[in-house]
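K.L.:
Below is the sequence, then the predicted model.
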Amino acid sequence: MAQLDGVVKPKTKRSKRFLEHRAPKLVENSKNAMIMKGGNTSETVTQALKDIYALKKPNAVLYKKKNVMRPFEDSTSLEFFSKKSDCSLFLFGSHNKKRPNNLVFGRMFDFHVLDMFELGIEKFTSLKHIKNNKCAEATKPMLVFAGDLFDTDNEYLRLRNVLTDFFRGPTVSAVRLAGLEHILHFSAADGKIYMRSYKVLLKKSGCRTPRIELEEIGPSFDFVMRRTHLASDDLYKTAFRQPKGLKPKKKKNVSHDTFGTKYGRLHMQKQNLDKLQTRKMKGLRKRRGQEVAENGETTSPKKAKTLE
C-alpha cells in the first residue's frame, strides 16, 4: 500500500481506509477545489467566492477564515492546505489598491502548483441579484468556450484547460436529456473574459425535439487577465501522462470512424472459383418422375437417373 511522505503503517481500519482513499489509482477520484480568501478582501470578492462555491459543490471546500499569503511569490501555504484537504484545484480571492477584486484560479500536480491565472473582476452580478429559478446542486454543467484566443493563444489555451478542470464536475458514462440543464459560457474578446451561467429550458415545439431557450441564472463575471504562472512543457507533459492500464490495447485490422462505428479488415488469399466446392442441398435435387433434360426432351424417371 502506498504511504504518504514516510507515514508509518496504519494501526486502525479507519486510518487504513483514509490512506487507501488518497493512494494513487488508475481512475482517480473527482477533483476537489479549495476556495479561500486572503488577508484583505472586498465584499465583491467574498460574494464571488461564495457563488463559485455554490457552482462547485459538493466537490469543494470553503475556507471562511482569512489566510495571509501571496500565491505568485510563495506557494508553500497553498501546497500545505492542498495536501491537508486533498484538493488538486484552488481558488484564491484577494483585494488591494494595486490589484482590486482579484481571483486566482490554479491547480496542483503532486501537491505542487502547476498553473495559476490571476483574473481581475471588472463587473460582477451575484446569484442573489438574478431572481430566476436556479439549477439543482451538483448539476454537471455544459462548458462552452467562444473566441479565437482560446484556440490560438498559449495562455488562453492553458486557461481554458484550467477552467475545464475546475468546472467539469464528475465523469459520467451517460446523461439523460433532462439532465442537460446548466451551461457555463466563457467568451474572450477585446482583452476580456466574459463568464455567464444559463439554465436550459425545454419548451414544447409540436414535435419530438423540444424547443430550447436559455435563461440567465448567474453568477455573471467580466474578467481581465493580469498575471499567469505556467508550468514548463516537460512538467506539463508529465502531469498529463496516463498510466499504462488506462491505455486501450490496439487490435489489428480494427478501426473506428468519427461516429464510433467499428470496422474490421479481413485478409484472404486469392480463391479459384472453378474448384469451389458448393454445398449439396435437398432443395436443389431433381424431383422423382418425369423431368426435363437439358435438351428440352421429356424423359422417364429411369432415364432421369442416368442423366444425373
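P.N.:
Received the coordinates, thanks.
K.L.:
chain center to the longest strand along the chain, what's the gap?
P.N.:
Identified as the longest strand of the chain according to DSSP state E is strand 112-125. Centroid separation for strand 112-125 versus its chain: 21 Å, with C-alpha atoms, centre = their mean, to the nearest Å.
K.L.:
continuing past it, what's the next helix or strand?
P.N.:
strand 142-146 (DSSP states H and E).
K.L.:
What strands line up against that next one, and which way round?
P.N.:
Partners of strand 142-146 in the sheet, by DSSP bridges, are strand 182-189 (parallel).
K.L.:
buried sites along the partner strand?
P.N.:
When burial is assessed from 16 or more other C-beta atoms under 10 Å, strand 182-189 yields the following buried residues: 182, 183, 184, 185, 186, 188. Where C-beta positions appear, they are placed from N, C-alpha and C, glycine not excepted.
K.L.:
Pick out whichever of those residues sits closest to residue 272.
P.N.:
residue 183 (62.8 Å; C-beta to C-beta).
K.L.:
Check what pLDDT the closest one gets.
P.N.:
Per-residue pLDDT puts residue 183 at 93.
K.L.:
what's the helix or strand for the closest residue to it other than its chain neighbours?
P.N.:
Counting by C-beta to C-beta, 6 or more residues apart in numbering, residue 183 lies nearest to residue 198, which is 4.4 Å off, once chain neighbours are set aside. Here residue 198 sits within strand 192-203, counting by DSSP H and E.
K.L.:
ok, the residue nearest to residue 183 - contacts?
P.N.:
182, 183, 185, 214, 215, 216, 217 (C-beta atoms under 8 Å, 6 or more residues apart in numbering).
K.L.:
same question, residue 172
P.N.:
Contacts of residue 172 (C-beta under 8 Å, 6+ apart): residue 140.
K.L.:
and if you look at residue 274?
P.N.:
Contacts of residue 274 (C-beta under 8 Å, 6+ apart): none.
K.L.:
before we move on, what SS does it have?
P.N.:
Following DSSP: H, G, I helix; E, B strand; the rest coil, the label given to residue 274 is helix.
K.L.:
and it, how far is that from residue 281?
P.N.:
20 Å (C-beta to C-beta, to the nearest Å).
K.L.:
what's the answer for residue 76, then?
P.N.:
Distance from residue 76 to residue 281, by C-beta to C-beta: 83 Å.
K.L.:
per-residue confidence at residue 229?
P.N.:
For residue 229, pLDDT reads 92.
K.L.:
shouldn't it be in contact with residue 116?
P.N.:
Yes: between residue 229 and residue 116 a contact is recorded at 4.0 Å, counting by C-beta atoms under 8 Å.
K.L.:
what about the two, which has more around it?
P.N.:
Legend: neighbour count by other C-beta atoms under 10 Å for residue 229 and residue 116, higher for residue 116 (22 against 16).
K.L.:
next one: phi and psi at the residue lying closest to residue 127 once chain neighbours are set aside?
P.N.:
Residue nearest to residue 127 in three dimensions, not counting chain neighbours: residue 218, with 4.5 Å by C-beta to C-beta, 6+ apart. When read as degrees, to the nearest 10, the backbone of residue 218 gives phi 80, psi 170.
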